[in-house]
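A.B. asks: predicted model follows, preceded by the sequence.
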Amino acid sequence: MNKSLVMFRDVEISNLSTNVLPAILAAIILFFAGSCSTSEEITVSPGEFPVPISEIDAPEPDPRVGLTGGLFDAEKAIWNLKLVSTTLPPKDFIGSTNSDLAFIDHYVIQGNYDGFIIWDISDPASPELVVDFLCPASQGDVSVYDNLLFVSGEGLEGRLDCGTEGVENRVSEERFRGVRIFDITDIEDPELITNVQTCRGSHTNSLLKDPNDDENIYIYSSGIGPVRPEEEMEGCMNTLPADDHNSSLFRIEVIKVPLDSPEKAQIVHEPEVLEGLDPAPIHGFAPADQEAIKDAIAEDAFIFENYGHPYVLPDSFVRELLNGIVEDRGGTGSPTGADSTVLRENIDEILMEYFGWPGEVVEYGPDQCHDITLYPEIGLAAGACDGYGLLFDISDPVNPVRVNAVADSNFAYWHSATFNNDGNTVVFTDEWGSGTLPKCRESDPPEWGANAIYTIGEDHSMEFRSYYKMPAPQNSVENCVAHNGSLIPVPGRDIMVQSWYQGGISVFDFTDPDNPVEIAFFDRGPVSEEELQTGGNWSVYWYNGNLVSSEIARGLDILELKESPFITKNEIAAAMTVHMDVFNPQGQPKIIWPATYELARAYTDQLARDQGLSREFIGNLRQELYKSEKKDDNRKREILVSLADETETKIRQSSEPDKVKLLVDTLRDLALIE
């Protein structure tokens, strides 16, 4: 009777004759009657045998190419994902840049250049605004622990009192640049506890909970802005270490936060993690950029040089510098032609002073880390530090020690990092063009503005394996480059979801680090079809079954991963069993999957996909799992132990022995639970 159901499972009812339908219906009735009986003869379909992901074709032509634009009405393309909701920013935050995310309980905290927003995502289809907190100090990177919220600020306009009027003077006691600490015990009414000031501000912060310290947490702060004048903050020095060992460059800050008195948080160490690195190799301009430089020179634009390469100064920044020249000469009103001449003739020196560059910087390696991802369970951190990808030993949280460094001439700006769950692979991202420029054009080299995938040896060596770049060409009005993402907790596989600004969201499998494969995507058309306006997905992270994304201009996106030829229903179900109470993407947790039938079935599907066990044995596995789930506890254990014993005998003959061992362990753990 069950064979009849199996026989017709792939046939559409509408294509069958009416004479056949009664037989099918009878078979279905008998099947369900049998499944409710006490007979040992419970049978199920052998299920699907997914093909290797390398054999599955992506959509052709790619629907992401040529999408029409618009701020809130752009055309969308989606594949193997479901868009659950898009929530517009609160009124006071429309037009202000949304930045990174942090998660606690059923809340998502969205950073913003003008403060932060807290959403309740209990219902992902309809997020509710909890609070929008105005407190400017770009870029608003966020981390959370228990009742404490940490917000980074490095912009010159930030104020200690969270005021919105900015700071006018070059030196001011009112200026904030560093890490703010809020009490969110009442999450609807955050209270500022203290501001921890730093010499270069805080572009990003990474929260470290040391497994051996229950009294404190630690914040690693990375600042990439200009060094403060010493008149504004004592001890800040814009010098090279060779000239003064107390230089504020080439360092990060380690902030210690006592949990019982967070108002006493302070910098306890400023390790020189970048000391002694040589200048990193760099690539030149892409073909489209070379043409743009030629056009800009012909139009008499303001050009400056960095590492021997010409760059066009944005018009908004030109106006700011010219206004500064007017102010320096004691003038009023609009800049004159003479002011423009002063800027042209002294542009490099003016920029060095503005950004705090220490003169002959070209002779030295990088002096800043953009982002540090901490993985305390393996005692390592991965730093994306301007021209290098670094590994740190963080076993002593106050004293991180650099243990390896890699550089790559195809990378322009090492931005962020993500480990796989085993900690033996790391994905570094390249924010070529600072995230504000179109770097996914058809003429751009695919190795530029991409990810670089490295495997990590036991001696902390890093071996380059491959590049991955979102494969759909974007146009010249879409800022696009690799940006922030996280693992999706599919057991037995390395899968990452990642944002690409106006390149959208891409999900890719890098289980084989030599051959990463895109398995899902979501994209919108440009914010504007007429001119380049910054927008797109700043970051996207998996959190308790949802893919939550901060959209720079459009608010908050929530998506779901759908079953597809690349990923089975059982694999998604197993990922859904992973629950986190808190998640800071720069504080990567060790994922542990509970022993469940979903986990066992996910491993079984993977062994079917990779032909790690015979089709006959896979069919029997599925049959016995189904049978055991329908039995009482004693009979469950008996079936699961027997199945584990039988599966264990297949380890040596399997092409995927490690995966078979994971399945065996899951079966035994299930038997203990049941």
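C.D. replies: Structure received. Numbers count the residues shown, from 1 in each chain.

A.B. asks: which pLDDT value goes with residue 408?
C.D. replies: pLDDT for residue 408: 97.

A.B. asks: same question for residue 315.
C.D. replies: Note for residue 315: predicted pLDDT of 85.

A.B. asks: equivalent analysis for residue 35, please.
C.D. replies: 37.

A.B. asks: now do the contacts for residue 562.
C.D. replies: The neighbourhood of residue 562, defined by C-beta atoms under 8 Å, 6 or more residues apart in numbering, consists of 80, 81, 82, 520, 572. For every residue, glycine as well, the C-beta is placed using N, CA and C.

A.B. asks: pLDDT, distance to residue 208 and secondary structure added to those residues, as JSON lines?
C.D. replies: Converted to JSON lines, the contacts of residue 562 look like this (pLDDT from 0 to 100; distance: C-beta to C-beta, whole Å; DSSP: H, G, I helix; E, B strand; the rest coil):
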{"residue": "80", "pLDDT": "98", "distance to residue 208": "35", "secondary structure": "coil"}
{"residue": "81", "pLDDT": "98", "distance to residue 208": "32", "secondary structure": "strand"}
{"residue": "82", "pLDDT": "98", "distance to residue 208": "35", "secondary structure": "strand"}
{"residue": "520", "pLDDT": "98", "distance to residue 208": "32", "secondary structure": "strand"}
{"residue": "572", "pLDDT": "98", "distance to residue 208": "31", "secondary structure": "helix"}
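
A.B. asks: most neighbours of all the residues you listed, which one?
C.D. replies: residue 520 (24 neighbours; other C-beta atoms under 10 Å).

A.B. asks: for this protein, longest helix please?
C.D. replies: For the chain, the longest helix by residue count, based on DSSP state H, is helix 337-355.

A.B. asks: so which elements touch it?
C.D. replies: Helices and strands touching helix 337-355, by 3 or more C-beta pairs under 8 Å, 6 or more residues apart in numbering; DSSP states H and E, are strand 303-306, helix 315-328.

A.B. asks: after it, next one along is what?
C.D. replies: The helix or strand immediately downstream of helix 337-355 is strand 371-375, counting by DSSP states H and E.

A.B. asks: picking up where we left off before, send the alpha carbons of the longest helix of the chain over as CSV?
C.D. replies: Taking Å, rounded to 0.1, in the frame of the first residue of the first chain, the C-alpha atoms of helix 337-355 are listed here in CSV:
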residue,chain,number,x,y,z
GLY,A,337,39.1,81.9,-6.0
ALA,A,338,42.1,82.5,-3.8
ASP,A,339,40.9,80.1,-1.2
SER,A,340,40.4,77.5,-4.0
THR,A,341,44.0,78.1,-5.1
VAL,A,342,45.3,77.6,-1.5
LEU,A,343,43.4,74.3,-1.3
ARG,A,344,44.8,73.1,-4.7
GLU,A,345,48.4,74.0,-3.9
ASN,A,346,48.3,72.5,-0.3
ILE,A,347,45.7,69.7,-0.6
ASP,A,348,47.9,66.9,0.6
GLU,A,349,49.2,68.8,3.6
ILE,A,350,45.7,70.0,4.5
LEU,A,351,44.4,66.5,4.4
MET,A,352,47.3,65.2,6.5
GLU,A,353,46.4,67.8,9.2
TYR,A,354,42.7,67.2,9.0
PHE,A,355,42.9,63.4,9.4
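
A.B. asks: what is the nearest of the contacts of residue 562 to residue 407?
C.D. replies: Of all the contacts of residue 562, residue 407 sits closest to residue 520, with 31.5 Å by C-beta to C-beta.

A.B. asks: for that closest one, give its distance to residue 497.
C.D. replies: Shown here: residue 520 relative to residue 497, a distance of 8 Å by C-beta to C-beta, to the nearest Å.

A.B. asks: repeat that for residue 184.
C.D. replies: Taking C-beta to C-beta, one finds residue 184 at 26 Å from residue 497.

A.B. asks: tell me which of the two has more neighbours.
C.D. replies: Comparing residue 184 with residue 497 by other C-beta under 10 Å, the one with more neighbours is residue 497, at 27 against 21.

A.B. asks: show me what the one helix or strand the more buried one maps to is packed up against.
C.D. replies: Element membership for residue 497, per DSSP H and E: strand 495-499. Contacts defined by 3+ C-beta pairs under 8 Å, 6+ apart place strand 495-499 against strand 485-488, strand 505-509, strand 537-543.

A.B. asks: residue 71: which of those is closest?
C.D. replies: strand 537-543 (14.5 Å).

A.B. asks: show the average pLDDT along that closest one.
C.D. replies: In this model, strand 537-543 has a mean pLDDT of 98.

A.B. asks: my guess is residue 593 contacts residue 571. True?
C.D. replies: No. With contact defined as C-beta atoms under 8 Å, residue 593 does not count as touching residue 571 (11.2 Å).

A.B. asks: find residues that contact each of the two.
C.D. replies: The contact sets of residue 593 and residue 571 overlap at residue 491 (C-beta under 8 Å, 6+ apart).

A.B. asks: list the contacts of the closest residue to residue 495 other than its chain neighbours.
C.D. replies: Using C-beta to C-beta, 6 or more residues apart in numbering and skipping residues adjacent in sequence, the residue nearest residue 495 is residue 488, 4.5 Å away. Contacts for residue 488 (C-beta under 8 Å, 6+ apart) come out as 495, 496, 497, 507, 542, 547, 561, 575.

A.B. asks: mind giving me JSON lines with the residues you listed and columns for distance to residue 306?
C.D. replies: Output for those, formatted as JSON lines (distance: C-beta to C-beta, whole Å):
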{"residue": "495", "distance to residue 306": "37"}
{"residue": "496", "distance to residue 306": "31"}
{"residue": "497", "distance to residue 306": "33"}
{"residue": "507", "distance to residue 306": "35"}
{"residue": "542", "distance to residue 306": "37"}
{"residue": "547", "distance to residue 306": "36"}
{"residue": "561", "distance to residue 306": "41"}
{"residue": "575", "distance to residue 306": "43"}
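
A.B. asks: drop anything exposed from those residues.
C.D. replies: If you count burial by 16 or more other C-beta atoms under 10 Å, the buried members of the contacts of residue 488 come out as 495, 496, 497, 507, 542, 547, 561, 575.

A.B. asks: need the pLDDT of the second one.
C.D. replies: Going back to what we said before, that points to residue 496. Looking at residue 496, its pLDDT is 98.

A.B. asks: that one contacts residue 490, doesn't it?
C.D. replies: No. Taking contacts as C-beta under 8 Å, residue 496 lies outside contact range of residue 490: 10.3 Å.

A.B. asks: where does this structure have its least confident helix or strand?
C.D. replies: The helix or strand of the chain with the poorest confidence is helix 2-7; it has a mean of 33 (mean pLDDT, DSSP states H and E).

A.B. asks: check the gap between the residue found closest to residue 473 once you drop the neighbours it is linked to in the chain and residue 79 for me.
C.D. replies: Closest residue to residue 473 apart from its sequence neighbours, by C-beta to C-beta, 6+ apart: residue 442 at 4.0 Å. With the distance defined as C-beta to C-beta, residue 442 ends up 20 Å from residue 79.

A.B. asks: mind checking which of the two has more residues around it?
C.D. replies: residue 79 (18 against 10).

A.B. asks: how close does the more buried one get to residue 518?
C.D. replies: On the measure of C-beta to C-beta, residue 79 and residue 518 end up 9 Å apart.
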